[in-house]
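Trainee: Got a predicted structure plus its sequence, pasted below:
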There are 2 protein chains.
Amino acid sequence: MDKKYVVGIDIGGQSAKIGMIDRNAVISSRDRLDTTVYGPDDSGRFLNDLCNLIAKVTEAVGLDAIKGIGIGAPNGNYYDGCITDAANLPWAKGKSVNIREFISERLGLEVTLTNDANAAALGEMIYGNAKGMKNFIEITLGTGVGSGIVIDGKLVYGHDGFAGELGHTNVIREGGRKCGCGKTGCLETIASSGGVCTTAREMGMQVNSSKEVYEAALKGDATAKRVFEYTGRILGEKFADFVEFSAPEAIILFGGVANAGVMLLDPVRKAMDANLINIWKGKVKVIHSGLPESDAAILGAGALAW
Amino acid sequence: MDKKYVVGIDIGGQSAKIGMIDRNAVISSRDRLDTTVYGPDDSGRFLNDLCNLIAKVTEAVGLDAIKGIGIGAPNGNYYDGCITDAANLPWAKGKSVNIREFISERLGLEVTLTNDANAAALGEMIYGNAKGMKNFIEITLGTGVGSGIVIDGKLVYGHDGFAGELGHTNVIREGGRKCGCGKTGCLETIASSGGVCTTAREMGMQVNSSKEVYEAALKGDATAKRVFEYTGRILGEKFADFVEFSAPEAIILFGGVANAGVMLLDPVRKAMDANLINIWKGKVKVIHSGLPESDAAILGAGALAW
């Protein structure tokens, strides 16, 4: 039988999004799982629920029509198929969960795993604003801050498969905020949705989400604008470091916080250029993802399976 | 006629080292040029003197026996053959010098150019302590701080050929020292030989070179030891960022400052591990180059020409 579909899965701190994708990159069926309800002892229950949802999403065509499953997840390792010590997934924190083996054995399908941000980068390269680019960095600004690094047209996995943890590079050396990874002062503590919210509160705003900060800024709230100026400056300063590492053509921002658009992009570009050596000043693009947020990672994960 | 030799050239802020290399990686003839005597208007004179010295080094066999010339130089660009805005080379600062075209036209030989640190990394991979490694970062600690990044067995050039300027990533965000590149607070301002010397003076030592600091530390001078502890801590903190980028198997230190050995390596390892997320703690090697300093970059540059 002809395998006409793949399943793409994007696992995040808030939800796991599942889509059945055809050869034209159309998501013909989709569903999602709330991942906040799984605690430290619930990895088995999560994997079980995920398998049931995969079966449901593919119900109309049956598993026989599925070529494979591609999964993007925080700390998802392409080499060993495990999610290892993912700060934003309580059921995979401080241990390794072999998601590839579990799903593969349960459903009898080939499963490919990678970092969630790598999956987004792959989606961006095939369907989004990185089409035709051979060197770029995808930065995901959501519950966490992730990164997918593409060099010479290929995702960077490194020696152990964990390359691209740019959210855990340091931006505040002394007295930084505590990060979910156990360190302090990580980029993630500033540029994640929670980081933006914390900055807003420290500046005196009464908010519960980065979206509220964004909405206040849109209405002209001066403090909210300052929150994005601060976030953008810290990001831009750090992006200069990244450029000095791999000399990308562009850095592409994806995820909830990136929806602030120019309010965030302008200070990012300004701070990045101010911190670059002359050969790169004004030459490296910082742009917004070209894919709808909910689909980039699903499509990217699915691309792994083709 | 059989081309039995290549010429490898390592251009640095103090000297240009030239070697004629046979197929067994034996340097059968060598010479050097003092590069400190060439000012902003002397790029033509430097290239002319370099060509004359290449002719002299290959005199015994003649240019017909030479397969090609490989050059490693600060800001040397593999793609366009130019040295562009090299902070430590006055004759190539604020402009582009097409060294590949000049030498190639003058001597009628194929010329390949790369970053000096990339050349060292190539030498390390073929002849040194990175044999068999597919993912490592070579950090050169000399007049400047350079880097050659190897991912999946290949040197990283990036979109424009300038990838691997890790010496100009930021380590002191506020009030850092002025760097030759025009920025402040670059890693190079701390970990170059001049940076080590400046730190020693700031701590009250009367020294004129990093070598004197090293010799004092060897004799047990407590301040000199503190200089290397400080330098090592800053390096190690920054290495954690690099690991979080490309997940290398090892970071390899090369160049004058690296000769401080364990006095430098111990604080580097300690600070790096303290700043890594759990998946890498204790797993990434920091080791000393396996090649004599004078030969690694020459052999690496020569390898480009084979």
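Mentor: Right, received. Where do you want to start?
Trainee: buried ones in stretch A:141-150?
Mentor: A:141-150 (16 or more other C-beta atoms under 10 Å in any protein chain shown). C-beta: built from backbone N, CA, C; applies to glycine.
Trainee: any idea which of the residues you listed is closest to chain B?
Mentor: residue A:149 (7.0 Å; C-beta to the nearest C-beta).
Trainee: how far does stretch A:252-264 stretch from start to finish?
Mentor: 13 Å (C-alpha to C-alpha, to the nearest Å).
Trainee: ok, now stretch A:151-158?
Mentor: Stretch A:151-158: ends 12 Å apart by C-alpha to C-alpha.
Trainee: just stretch A:142-162 next, same as before
Mentor: End-to-end for stretch A:142-162, by C-alpha to C-alpha: 19 Å.
Trainee: returning to that earlier point: now flag whichever of the buried residues of stretch A:141-150 is closest to residue A:42.
Mentor: residue A:143 (17.7 Å; C-beta to C-beta).
Trainee: The closest one and residue B:244, how far apart?
Mentor: 18 Å (C-beta to C-beta, to the nearest Å).
Trainee: Also residue A:156?
Mentor: On the measure of C-beta to C-beta, residue A:156 and residue B:244 end up 12 Å apart.
Trainee: for residue A:15, same thing?
Mentor: Taking C-beta to C-beta, one finds residue A:15 at 26 Å from residue B:244.
Trainee: same thing with residue A:23?
Mentor: 36 Å.
Trainee: Tell me which of the two has more neighbours.
Mentor: residue B:244 (26 against 11; other C-beta atoms under 10 Å in any protein chain shown).
Trainee: For the buried residues of stretch A:141-150, could you give me TSV that also reports distance to chain B, pLDDT and secondary structure?
Mentor: Converted to TSV, the buried residues of stretch A:141-150 look like this (distance: C-beta to the nearest C-beta, whole Å; pLDDT from 0 to 100; DSSP: H, G, I helix; E, B strand; the rest coil):
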residue	distance to chain B	pLDDT	secondary structure
A:141	16	95	strand
A:142	18	90	coil
A:143	16	86	coil
A:144	12	89	coil
A:145	11	94	strand
A:146	11	92	strand
A:147	8	96	strand
A:148	12	96	strand
A:149	7	98	strand
A:150	10	98	strand
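Trainee: and the two most separated of those?
Mentor: A:143 and A:150 (22.7 Å).
Trainee: Confirm for me that residue A:90 is in contact with residue A:40.
Mentor: Yes: in this structure residue A:90 lies within contact range of residue A:40 using C-beta atoms under 8 Å: 5.2 Å.
Trainee: quick one, which of the two is more surrounded?
Mentor: Set residue A:90 next to residue A:40 and count neighbours by other C-beta under 10 Å: residue A:90 wins out with 19 against 12.
Trainee: do you know how far that one is from chain B?
Mentor: Computed as C-beta to the nearest C-beta, to the nearest Å, the residue A:90 to chain B distance reads 15 Å.
Trainee: One more: residue A:30?
Mentor: The value you get for residue A:30 to chain B, if C-beta to the nearest C-beta is used, is 31 Å.
Trainee: cool, and residue A:134?
Mentor: Taken as C-beta to the nearest C-beta, the span from residue A:134 to chain B is 7 Å.
Trainee: do residue A:73 as well
Mentor: Taken as C-beta to the nearest C-beta, the span from residue A:73 to chain B is 14 Å.
Trainee: same check, this time on residue A:245
Mentor: 5 Å.
Trainee: thought that residue was touching residue B:167?
Mentor: No: with contact defined as C-beta under 8 Å, residue A:245 does not count as touching residue B:167 (11.4 Å).
Trainee: quick one, which of the two is more surrounded?
Mentor: residue B:167 (30 against 26).
Trainee: Isn't the more buried one up against residue B:148?
Mentor: No: Residue B:167 is not in contact with residue B:148 according to C-beta under 8 Å; the separation is 11.5 Å.
Trainee: Where does the prediction get shaky in the stretch 1-150 of chain A?
Mentor: Scanning the stretch 1-150 of chain A with the threshold set as pLDDT under 70 gives A:1.
Trainee: Now do the same contact list for the residue in it positioned nearest to chain B.
Mentor: Residue of the stretch 1-150 of chain A nearest chain B, by C-beta to the nearest C-beta: residue A:135 (4.2 Å). Listed by C-beta atoms under 8 Å, 6 or more residues apart in numbering or on different chains, the contact set of residue A:135 reads A:150-152, A:246-249, B:158-159.
Trainee: Nearest residue to it in space, please, no chain neighbours.
Mentor: residue B:159 (4.2 Å; C-beta to C-beta, 6 or more residues apart in numbering or on different chains).
Trainee: if I look at the residue nearest to the spatial centre of chain A, how far off is residue B:84?
Mentor: Taking C-alpha atoms, centre = their mean, the centroid of chain A lies closest to residue A:117, which sits 3.6 Å from it. According to C-beta to C-beta, residue A:117 and residue B:84 sit 32 Å apart.
Trainee: now do the same end-to-end measure for stretch A:246-256.
Mentor: 25 Å.
Trainee: Distance from the chain centre to it, please.
Mentor: Its chain's C-alpha centre and that of stretch A:246-256 lie 12 Å apart, by C-alpha atoms, centre = their mean, to the nearest Å.
Trainee: So which bits of that stretch are buried?
Mentor: Buried, per 16+ other C-beta under 10 Å, within stretch A:246-256: A:246-256.
Trainee: dump the residue contacts of residue A:18.
Mentor: A:7-9, A:30-33, A:50, A:53-54, A:57, A:298.
Trainee: Among those, which one sits closest to residue B:126?
Mentor: residue A:8 (41.0 Å).
Trainee: how many neighbours does the nearest residue to that closest one once chain neighbours are set aside have?
Mentor: Using C-beta to C-beta, 6+ apart and skipping the chain neighbours, the partner closest in space to residue A:8 is residue A:302 (3.0 Å). Residues lying near residue A:302 (other C-beta under 10 Å) number 33.
Trainee: Check residue A:288 too.
Mentor: 17.
Trainee: Over to the residue nearest to residue A:304 when sequence neighbours are not counted. Which of the three states is it?
Mentor: Leaving aside its sequence neighbours, residue A:304 sits nearest to residue A:70 (C-beta to C-beta, 6+ apart; 3.4 Å). Here residue A:70 is recorded as strand under DSSP: H, G, I helix; E, B strand; the rest coil.
Trainee: Report the beta-bridge partners for residue A:70.
Mentor: residue A:8, residue A:112 (DSSP bridges).
Trainee: That one against residue A:297, yeah?
Mentor: No: Residue A:70 lies out of contact with residue A:297 (C-beta under 8 Å); the separation is 10.0 Å.
Trainee: Looking at the two, which is more packed in?
Mentor: Set side by side, residue A:70 and residue A:297 show more neighbours around residue A:297, with 37 against 28, by other C-beta under 10 Å.
Trainee: okay, and the common contacts of residue A:70 and residue A:297?
Mentor: A:8, A:119.
Trainee: What residues does the stretch 51-200 of chain A have near chain B?
Mentor: Residues of the stretch 51-200 of chain A lying near chain B by C-beta under 8 Å from any C-beta of the partner chain: A:75, A:84-85, A:94, A:134-135, A:149, A:151-152, A:154, A:156-166, A:168-170, A:173, A:181-183.
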